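>>> the following comprises the amino acid sequence and a computationally predicted model.
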Amino acid sequence: MSLVECVPNISEGRDRAVIDRCAAAISRNEGVELLDVDPGSDTNRTVLTFVGDPDSVLAACHSLFEAALGSIDMSRHQGTHARQAAVDVCPFIPVSGIEMKDCVALAHRFGEELGALGYSGYFYEEAANRRDRQNLADIRRGEYETLETKLRNPAWVPDFGPAEFTERVRRFGAPVIGAREFLIAWNINVNTSSKKLAHLVALDIRERGRAKRDEQGALAYADGGGLEFEPVETSLPTVKSVGWVIDTEAYGPVAQVSINLCNYKTTPMWKVYERTREVAQSRGIVVTGAEIVGLVPKSALLECGRYYRERLGVLVGVSDDDLLRTAVQSMGLSDLYPFDIEKKVIENRIEKAGRLVSLSVRDFCSETASESPAPGGGSIAALAGALSASLSAMVTQLTHGKKEFKDVTAEMNDVGMRAHRAKDFFLRAVDEDTIAFNAVMTAMRLPRETEEQVRARNQALESANQNAARIPLQVARACLELIELAEIVIDKGNPNSMTDGGTAASMAQAACLSAGYNVLTNLSSVGDPAFVTSSREEISRILESADEAAVRVRRAVMQRLGRA
């Protein structure tokens, strides 16, 4: 399924009724999930975040624009954040199953539809039709108050809609529609209430740097009329930042370096935070923490967690939860307000734990022992794989940090990270295998009274049976890595945990063989001969490799136990 994130910003952060009306307009559309509503009273702006398939997201955007048109009058709006429309910006962001070019096409489609309805606006970032309109700050310069003049300027003819200050444009403004990578909006707090001091720090870290000045100290302008900028030594790529002051209930006025990190893969969050600390310290300013506006990708925080754990000299190959906690603590993300990992990390909002893996061990066993045929062997195989990965991860924890094993620190970190990734995969597969089996049962119950119904049932059944074989095949394939990880921790890990590594290998072999049973039995119901042949050949190779590796591991463990 193609999943798109949309993060519109509306120019209202104080009137809860208006905010709720706009949020409800999004939520009433099927196929989308509203993930976050983050109002800012001081900025008088609210960031809304939702995800869904492209068509559903587009429908939700239309609903939002209609709600905002009837609720927000830009001619009366005041706020500290740059803005020029009721729905000020509306970016489309690829999440999964979709590429940037598809989001660009989605933005253009939406803009054309808005133009047909009488809205005027611009495209930015990846969706920009002109190079000089890629930067949002350039488009919004002068803000709403200069919009009537801007629309008369031939250089600022809208990308969609009428080039005139119509009644709709007067009330709504000119929205900016775009496609971009995930933007992390966050604010770094400093121990001052001076906007000037915070802004000096912001100028030192932002990619654009500082405005150029001539010999007399006057601002330098380019031929096109815009200011010229010159990056400084401490500038960071893909960082946009300003300094401002917010009034907090607990601390009173707090100055912040407000940051838009446009590509966290180019410039990671930890680098922004540490550079800000360095620049602030050079000016006698102390960074006290930070806050994230809206949501943040898990991968961005995981990278921060790994960085700070490396600095601490502790094991990096730990669970995602441990890495997230390290990131939150190290960057002071709960400095002003509690940072809720379950609500602020986008994947945690979307990915819900499956029903089976959410059960207690006792309830899971009772469910398995019931008359229901699922969960069955496939889910149990996946569970065995998760336990194998967990044991190998445990051995890395019991090895890391001990001086006698300092030569294998890097390898234990690598094994730990791989083991945790594998654990998460196998836990998902526990429920996925049962879901696949249930899909087969559902397809078998489809009506077959007419030729069309029979054809539809056969297609659904073939697809379900192939998937029921494909999932345990993926499980079996992943088990080979589990045995490899077990071999490493047995050979190089803490010898006091050698038998834990041996148990990890045994569980992996059991998981592999059990998954193989399920592949073979499900293939007997698949009609596609090419699929059957390729799957049988692959599972045979996997089982043979797993058996050879398991024998090798068992021999090594028994030799060390003096039982060879």
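It's in.
>>> okay, CA-based contacts and neighbour counts for the rest of this
Noted.
>>> name the residues that touch stretch 33-41?
By CA atoms under 8 Å, 6 or more residues apart in numbering, the residues outside stretch 33-41 that reach it are 12-14, 19, 23, 26-27, 45-52, 293-295, 343, 346, 349.
>>> just the CA coordinates of it, formatted as CSV?
The C-alpha trace of stretch 33-41 is given here as CSV (Å, rounded to 0.1, in the frame of the first residue of the first chain):
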residue,chain,number,x,y,z
GLU,A,33,-5.4,8.7,10.1
LEU,A,34,-4.9,12.0,11.8
LEU,A,35,-1.7,11.5,13.8
ASP,A,36,-1.1,14.8,15.5
VAL,A,37,-2.6,18.2,16.1
ASP,A,38,0.0,20.6,17.5
PRO,A,39,-1.3,24.1,18.2
GLY,A,40,1.0,27.1,19.1
SER,A,41,-0.7,29.9,20.8
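>>> circling back: so of the contacts of stretch 33-41, which ones are in strands?
Members of the contacts of stretch 33-41 lying in strands (criterion: DSSP state E): Arg45, Thr46, Val47, Leu48, Thr49, Phe50, Val51, Gly52, Val293.
>>> what's the first helix or strand after the helix ranked longest in the chain?
Secondary structure of the chain per DSSP state H: the longest helix is helix 451-492. As assigned by DSSP states H and E, the chain's next helix or strand after helix 451-492 is helix 498-523.
>>> helices or strands up against the helix or strand just after that next one?
Downstream of helix 498-523, the first helix or strand assigned by DSSP H and E is helix 529-560. Secondary-structure packing of helix 529-560 (3 or more CA pairs under 8 Å, 6 or more residues apart in numbering; DSSP states H and E): helix 451-492, helix 498-523.
>>> which stretches of the protein form strands?
Using DSSP E, the strands of the chain run over 3-6, 9-10, 32-40, 45-52, 87-96, 122-125, 176-179, 184-190, 210-211, 229-230, 239-248, 252-261, 287-293.
>>> in TSV: the ones you listed, plus distance to Arg554.
Shown next, in TSV, are the strands of the chain (distance: least, CA to CA, whole Å):
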stretch	distance to Arg554
strand 3-6	45
strand 9-10	59
strand 32-40	48
strand 45-52	48
strand 87-96	41
strand 122-125	57
strand 176-179	54
strand 184-190	49
strand 210-211	65
strand 229-230	64
strand 239-248	53
strand 252-261	50
strand 287-293	49
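>>> show me the contacts for the residue nearest the centre of the chain.
Centroid-nearest residue in the chain: Pro297, 3.0 Å away (criterion: CA atoms, centre = their mean). Counting by CA under 8 Å, 6+ apart, Pro297 touches Phe182, Val345, Ile346, Glu347.
>>> quick revisit: let's have the strands of the chain in TSV, adding distance to His81 and mean neighbour count.
Rendered in TSV, the data for the strands of the chain read as follows (distance: least, CA to CA, whole Å; neighbours: other CA atoms under 10 Å):
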stretch	distance to His81	mean neighbour count
strand 3-6	20	23
strand 9-10	11	26
strand 32-40	10	20
strand 45-52	7	23
strand 87-96	10	23
strand 122-125	18	26
strand 176-179	15	27
strand 184-190	13	23
strand 210-211	20	17
strand 229-230	21	15
strand 239-248	10	20
strand 252-261	11	22
strand 287-293	13	21
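>>> confidence score at the closest residue to Ala250 other than its chain neighbours?
Distances taken as CA to CA, 6 or more residues apart in numbering place Leu336 nearest to Ala250, at 8.0 Å, with adjacent residues excluded. pLDDT for Leu336: 90.
>>> right, and the helices and strands packed on helix 529-560 - which one's nearest Ala549?
Nearest to Ala549 among the helices and strands packed on helix 529-560 is helix 451-492 (6.9 Å), distances taken as CA to CA.
>>> what packs against that closest one?
helix 377-399, helix 409-444, helix 498-523, helix 529-560.
>>> okay, these, which one's buried deepest?
Mean neighbour count (mean count of other CA atoms under 10 Å) peaks for helix 377-399 among the helices and strands packed on helix 451-492, with a mean of 27.
>>> from the chain's centroid, how far away is that helix?
Distance, stretch centre to chain centre, for helix 377-399: 25 Å (CA atoms, centre = their mean, to the nearest Å).
>>> I'd like the average pLDDT over that helix.
For helix 377-399, the per-residue pLDDT averages 97.
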